[in-house]
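Engineer: Whatever this is, show me its structure:
(chains A and B)
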Amino acid sequence: MFVQQLLNGFIMGNTYVLVALGFTLVFGIVDIHNFAHGELYMVGAFAVFFFYKIFNIPFALSIFLGMIITGFVGVLFYLVGFRPLRKAPPVATLISSVALMLLASDGALLAFGADPKYFTTSYADKILRFGGLTLSLQRLLIVIVAVGLVLLLNLFIRRTRMGMAMRACAQNRQAAGWCGINFDLISSVTFGISGALAAAAGGLMVPMTGAEPTMGMGALLKAFAVVILGGMGNVPGAIVGGYIIGFSEALTVATIGATYKNVAPFAIILLVLIIKPSGIFGQKSSVKL
Amino acid sequence: MQSLIKKSGLLFWILFFATLLAIPYLITGEYYMRILILSGVAALNALALDLLIGHVGALSIGQAAFWGIGAYTSAILSTQLGIPFWGTIPVAGLAGGISGLLLGLPALRLAGFFVALVTLAFNLVFEVVIINWRSMTGGFHGISGISPPSLPVVGVFQSKVPYYYLLLIILVVVVWFCKKYTSSRTGRALAAIKEDRVAAETFMNTYYYRLLTFAISGAISGIAGGYYAHFNLYISASIFIVLASIMILAMVVIGGSGTIGGPIMGGVFLTILPEFLRVADEWRLVIYGALLLIVIIFFPRGLHGIYIVIKERVLLPKTKTPYFKA
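Structural biologist: Purely as a prediction, here's the structure:
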């Protein structure tokens, strides 16, 4: 039973990794804390829901299309809310992201209504059993997709010119500009990727939690916990942190009980901020000012 | 010519305050009085938050928690210990102030985003605590039966009118305090900190000043909460949610942060606006979000900024100075 909980934690951890990766990429490369990132998760969930349940597109394709659409929404967020403020003080960017968060979640409420929307895939019925543990194919899919996306992302950042440009911007934006890198383009691409990753997580979670307009806040808080733990702007940190948060949540449920499930991320945030605010892999410069 | 402008400025303020005092006789209807009073409470919260945003430069998304702490303090003292309004208000302010201090301690050591995050987390935790601590706070049902204030001559507050004048007095005191605070040595220190924290750090303890302001901001919202509790006579957890904090943030930004008139304008504007948007009530929050976005991008100085522009372009050019082409 306990190991089953750990398995659940591992599965949830995969989604946290995906959501956190997007957030940390945007911070690392574009230097923006996007409070509206959770809304991209929500938009992705709705997009996948519509493609799969309403348009009856096969599940894998639905996820793919959902990622594309939400990627564009991410770029839209950047163009509308952050790009105009590139010369403004950082407070303005934070305020703008809060405004976007409000707009997105209440726009969704208006458009889709408050009731959670679910779908079930045929994968949910196929159950695997091994060593006393049960796992539906649907949940295994979460792991496969997440791991696959992380590997793809890794390839993209390490082996492509665009990825190299993104790394350059993360290291030294000014110098990257001198090398002829268009920071505006890189920012757009980064926001697009962050939206796509969040959408994958959102879409995969719909069978379990449903798609509803307020789901963004919860995802955002988990993402915060992960990136604070792993280090702001740090990709390996987001991956490690995501699984740690997933496990810690599962441990909380297994030991104390499900009511305190959401306390674990808060507690971890608090602990990290008190002990080592820059997180496991992070540097002090991204945290203190 | 100059003195005429000055005199017309003074005349404006005299008329303004006379109107404020005469409002209960101009506006009839408890409903509209209630809206006005609620906008006054909002203005108090906005002023408190602007001390943080406009003068410390710290973005706080948790102001409603301080407001709620003040409200619940007053409510509990009133209903469980029978303490009257005049006793609960100072305690509410103190509770708010201590909360601000405790929250500022960890939050202000870190960069701007983390302050926002910690205040957001605080608001969320506050919500959860209020709902679950049923013995003290009544959980979902809230606390009812809070006693209205009473004065020796006026008696127990029955209609909205005495509440209105009381709020006016509170607002005047808070505005006076804020003006004094922001133009004092501390206020100037804050301005330096906001301008360039690193430079300011070389010759002062910025942490102390920012922490002090956090406590004051919490105290003002606490007082607003206490007043609200004794005005509404009933409070519940659903009032002091994160959304309320975001609303207060919108009031500060749309009204114009860094000024005294701005948050007040923002508070009044955003409280009165829903009345005109009755037709499209579901769109209310979307409109607020859009307004906030538009203001922060295109009109960063908010309503107050627009007022200043009008004052300088329309009113002042009447004085002709040699190098200024009106």
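Engineer: Around chain B, which positions in the stretch 51-200 of chain A sit nearby?
Structural biologist: Contacts of the stretch 51-200 of chain A with chain B, taken as CB under 8 Å from any CB of the partner chain, map to A:80-81, A:84-85, A:88-92, A:94-96, A:98-104, A:106-107, A:109-110. For the C-beta atoms, the positions are set from N, CA and C on the backbone; glycine is no exception.
Engineer: Filter those down to the buried ones.
Structural biologist: Neighbour counting with 16 or more other CB atoms under 10 Å in any protein chain shown marks A:81, A:85, A:90-92, A:94-96, A:98-104, A:106-107, A:109 as buried within those.
Engineer: Tell me where the chain has helices.
Structural biologist: You didn't pick a chain, so chain A it is. Under the criterion DSSP state H, helices of chain A are mapped to A:2-25, A:37-49, A:59-77, A:90-112, A:137-159, A:161-171, A:173-178, A:183-209, A:215-230, A:235-255, A:263-275.
Engineer: ah, no, chain B please
Structural biologist: Defined through DSSP H, the helices belonging to chain B, from first to last, are B:2-26, B:30-50, B:63-81, B:85-107, B:112-132, B:134-137, B:160-183, B:185-195, B:197-201, B:206-232, B:242-255, B:261-276, B:284-298, B:302-310.
Engineer: Throw those helices into a markdown table and include distance to chain A and mean neighbour count, thanks.
Structural biologist: Output for the helices of chain B, formatted as a markdown table (distance: least, CB to the nearest CB, whole Å; neighbours: other CB atoms under 10 Å in any protein chain shown):
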| stretch | distance to chain A | mean neighbour count |
| --- | --- | --- |
| helix B:2-26 | 30 | 11 |
| helix B:30-50 | 12 | 23 |
| helix B:63-81 | 13 | 26 |
| helix B:85-107 | 6 | 21 |
| helix B:112-132 | 4 | 21 |
| helix B:134-137 | 14 | 13 |
| helix B:160-183 | 17 | 16 |
| helix B:185-195 | 9 | 17 |
| helix B:197-201 | 6 | 13 |
| helix B:206-232 | 11 | 25 |
| helix B:242-255 | 6 | 27 |
| helix B:261-276 | 13 | 21 |
| helix B:284-298 | 3 | 19 |
| helix B:302-310 | 11 | 17 |
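Engineer: can you put these in CSV and add distance to A:Leu21 and mean pLDDT?
Structural biologist: Shown next, in CSV, are those (distance: least, CB to CB, whole Å; pLDDT from 0 to 100):
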stretch, distance to A:Leu21, mean pLDDT
helix B:2-26, 54, 79
helix B:30-50, 33, 94
helix B:63-81, 31, 94
helix B:85-107, 26, 94
helix B:112-132, 18, 91
helix B:134-137, 39, 84
helix B:160-183, 42, 93
helix B:185-195, 34, 90
helix B:197-201, 30, 88
helix B:206-232, 33, 95
helix B:242-255, 25, 96
helix B:261-276, 36, 93
helix B:284-298, 26, 94
helix B:302-310, 36, 91
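Engineer: The ones you listed: which one's closest to B:Val56?
Structural biologist: helix B:206-232 (4.9 Å; CB to CB).
Engineer: pretty sure B:Glu30 is in contact with B:Gln158, am I right?
Structural biologist: No. With contacts counted by CB atoms under 8 Å, B:Glu30 stays clear of B:Gln158, the gap being 10.6 Å.
Engineer: Am I right that A:Ser97 is in contact with A:Glu39?
Structural biologist: No. A:Ser97 lies out of contact with A:Glu39 (CB under 8 Å); the separation is 9.6 Å.
Engineer: more crowded one of the two?
Structural biologist: Between A:Ser97 and A:Glu39, counted using other CB atoms under 10 Å in any protein chain shown, the more crowded position is A:Glu39 (31 against 25).
Engineer: Distance check, the more buried one against chain B.
Structural biologist: Distance of A:Glu39 to chain B, given as CB to the nearest CB, to the nearest Å: 11 Å.
Engineer: need the contact list for A:Met215.
Structural biologist: Counting by CB atoms under 8 Å, 6 or more residues apart in numbering or on different chains, A:Met215 touches A:38, A:41-42, A:45, A:202, A:209.
Engineer: next one: B:Gly222
Structural biologist: Applying CB under 8 Å, 6+ apart, the residues contacting B:Gly222 are B:66-67, B:69-70, B:73, B:92-97, B:99.
Engineer: With distance to B:Leu51 as extra columns, can I get the residues you listed in TSV?
Structural biologist: Shown next, in TSV, are the contacts of B:Gly222 (distance: CB to CB, whole Å):
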residue	distance to B:Leu51
B:Phe66	11
B:Trp67	14
B:Ile69	17
B:Gly70	15
B:Thr73	20
B:Ala92	18
B:Gly93	14
B:Leu94	17
B:Ala95	18
B:Gly96	12
B:Gly97	12
B:Ser99	15
